[in-house]
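Sequence below, structure please.
(2 chains)
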Amino acid sequence: MKLETGEKIPTWELPITPTLVVSTALATRDFQDVHHDRDRAQAAGSKDIFMNILTSTALCERYVTDWAGTDVQIKGVSIRLGAPAYPYDTLSFTGEVTDVSDGIATIAVTGSVSLGAHVTGTVRVAA
Amino acid sequence: MSGPLVDDAVHEKIMAAAEEIKAWGEAAERDARDLVNQPTINNWLEAMGLESERFYQGEAPPSMAQVWTMYGQGGKHPDRDPLHAMMNVLTDAGFHGVLGTNSEQTYDRYLRVGEQVRVTTALDSVVGPKSTGMGVGYFVTSRSTWYVGEERVASMLFRVLKFIPKGGTA
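Presented below is the predicted three-dimensional model:
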């Protein structure tokens, strides 16, 4: 697949369920209680359990490879965290190729929830 | 209201500790509990809903790099873990809140089933005090580097905000 600057990735909407938050936290070997125990998350000041950072990173990888194919070589994923991703919300990804140079395509990705941007960042792919 | 966000003596103590911990360089080296393995990859693929033949043929998804060296349940941090040492300095100074703000991962190559991964951690920078939406705090940036043998395979800059929740004082 040849990536070109300005190409947009179709929007991907992922419903956030408690099962998604818990199963992804455990699959990334992250046992912090705020990712699987609502009582503890609320005692810590959160509305509910929330998605962990390794999963936000992984979903950026998935968003790009669902579109570009997993044959592409991912060189890096850089993200800034914003609003928490709570169950019963929807994580909505948008993305665009912003640069192709020196053999690397940079894809800007945003994952938004109802509270605003949950994750903004870039995925770098060998082009 | 004027004056410094943080008492000068407290700030100087924090920055002195940061310099000392930065000087440790790449520290807290430890091996992943398990070799890169298919069942752990399968669990991750299922949870993320990522479908790819590629990850059933000997390669691991790149963003799993950090997964292999997670502490797991009840894992103990080494005494000289730069990130945790710096977090403890800030917690002791009253900055109880913690919020992950940035993760910048770079993959030199994809890992392969059967490889033994090890990781080191270094303190990269401590910046502050800053007035943020969460409260006054310091941004702590660490760098993790993953190796197979002597070969670097991935690295990560990870930034957290350690802050005094609004309404509190240091």
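
what is the mean pLDDT for the longest helix along chain B?
When chain B is parsed with DSSP state H, its longest helix is helix B:8-22. Averaging pLDDT along helix B:8-22 yields 97.

quick one: the strands in the chain?
Went with chain A since none was named. Secondary structure of chain A (DSSP state E): strands at A:8-15, A:74-81, A:90-101, A:104-113, A:116-126.

My question was about chain B, not that one.
Along chain B, counting by DSSP E, strands occupy B:27-31, B:97-107, B:118-131, B:135-148, B:151-165.

Any idea which of the ones you listed gets closest to chain A?
Among those, strand B:97-107 comes nearest to chain A, with 3.9 Å by C-beta to the nearest C-beta. The C-beta positions use only the backbone N, C-alpha and C, and glycine is treated the same way.

right, and residue B:114 touches residue B:34 too?
No: counting by C-beta atoms under 8 Å, residue B:114 stays clear of residue B:34, with 10.7 Å between them.

In terms of packing, which of those two has more residues around it?
It is residue B:34, of residue B:114 and residue B:34, that has more neighbours when counted by other C-beta atoms under 10 Å in any protein chain shown, with 13 against 10.

which residues of chain A score low on pLDDT?
Along chain A, segments meeting pLDDT under 70 span A:1.

Output the set of residues of it in proximity to chain B.
Contact residues, chain A versus chain B (C-beta under 8 Å from any C-beta of the partner chain): A:20, A:23-24, A:26-31, A:53-62, A:65-66, A:70-71, A:73-81.

for chain A, what's the longest helix?
From DSSP H, the single longest helix across chain A is helix A:53-68.

from the chain's centre, how far out does it sit?
Mean-position distance between helix A:53-68 and its chain equals 5 Å (C-alpha atoms, centre = their mean, to the nearest Å).
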